[in-house]
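Colleague: With the input below, show me the fold.
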Amino acid sequence: MIAYIKGKITHKSQTEIIVETTGGLGYLVHISINTYHEIKEATEVTILTHFVVKEDSQTLYGFAEEQERNLFRHLIGVSGVGPNTARVLLSAFSAAELRGAIIAENIAVLKTAKGIGPKAAKRIVLELKDKLLKDSGAESLAIAQTLTNNNVAREEALAALVALGFNKMQVQKTLNRVLKTSPDVDDAGVLIKLALAQLAS
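Modeller: This is a model prediction of the structure:
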């Protein structure tokens, strides 16, 4: 098992990086958008990894934080959820937000991630809620409550902003940031205005 890779970043995008070690090996590492934002200014990195071996491929997935890697491992243990689906979820939400949505059984929030239908969302909740409750603590419970309270406004704001032509994934990330800093916002109009200010910047 490769626990982490340390080296110089020779290639970087929102979905992958290449890390060159001192020995001259270049490792292609697939990452989430959250990890990208954590390392986007870095030229050197120590990236936590999870190695996935299949019959026809060997793939490294990388994470800026241990919490994200742990949740990735939980997700790929769910029936029908592969590494790429787990990475999509960890790009749409921070690890804490995703834990909160699962604990709150918030199917509607989970379904906003690309490629996640109602059956997959329900299966994730069913298989992971109890596991995450055991090690999540008060923070995830608080985030779960926030996501539940703001769900209707968030859904309306998401639909409106996508209809205006904004990228759905970008809108999801922006709404997550807005609700993280302003958790009491429960009006879709206010949420749209706050999100537009960030999307336009």
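
Colleague: So which elements touch the longest strand along the chain?
Modeller: When the chain is parsed with DSSP state E, its longest strand is strand 44-54. The contact analysis (3 or more CB pairs under 8 Å, 6 or more residues apart in numbering; DSSP states H and E) places strand 44-54 against strand 4-12, strand 16-20, strand 26-31, helix 33-39, strand 57-63, helix 66-76. Yep, even glycine has a C-beta here, placed from its N, CA and C like the rest.

Colleague: ok, and what's touching that strand?
Modeller: Strand 44-54 has contacts (CB atoms under 8 Å, 6 or more residues apart in numbering) with 1-9, 17, 19, 29, 31, 35, 39, 58-66, 69, 72-73, 76, 83.

Colleague: from the middle of its chain, how far away would it be?
Modeller: What separates the centre of strand 44-54 from the centre of its chain is 16 Å, taken as CA atoms, centre = their mean, to the nearest Å.

Colleague: Just the CA coordinates for it, please, in PDB.
Modeller: What follows is strand 44-54, C-alpha atoms only, in PDB (Å, rounded to 0.1, in the frame of the first residue of the first chain):
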ATOM      1  CA  GLU A  44       5.700  20.600  -4.000                       C
ATOM      2  CA  VAL A  45       3.300  18.400  -2.100                       C
ATOM      3  CA  THR A  46       2.900  15.500   0.300                       C
ATOM      4  CA  ILE A  47      -0.300  13.900  -0.900                       C
ATOM      5  CA  LEU A  48      -2.100  11.100   0.900                       C
ATOM      6  CA  THR A  49      -3.000   8.200  -1.400                       C
ATOM      7  CA  HIS A  50      -5.200   5.200  -1.900                       C
ATOM      8  CA  PHE A  51      -4.200   2.600  -4.400                       C
ATOM      9  CA  VAL A  52      -7.000   0.900  -6.400                       C
ATOM     10  CA  VAL A  53      -6.100  -2.300  -8.300                       C
ATOM     11  CA  LYS A  54      -8.400  -3.800 -10.900                       C
END
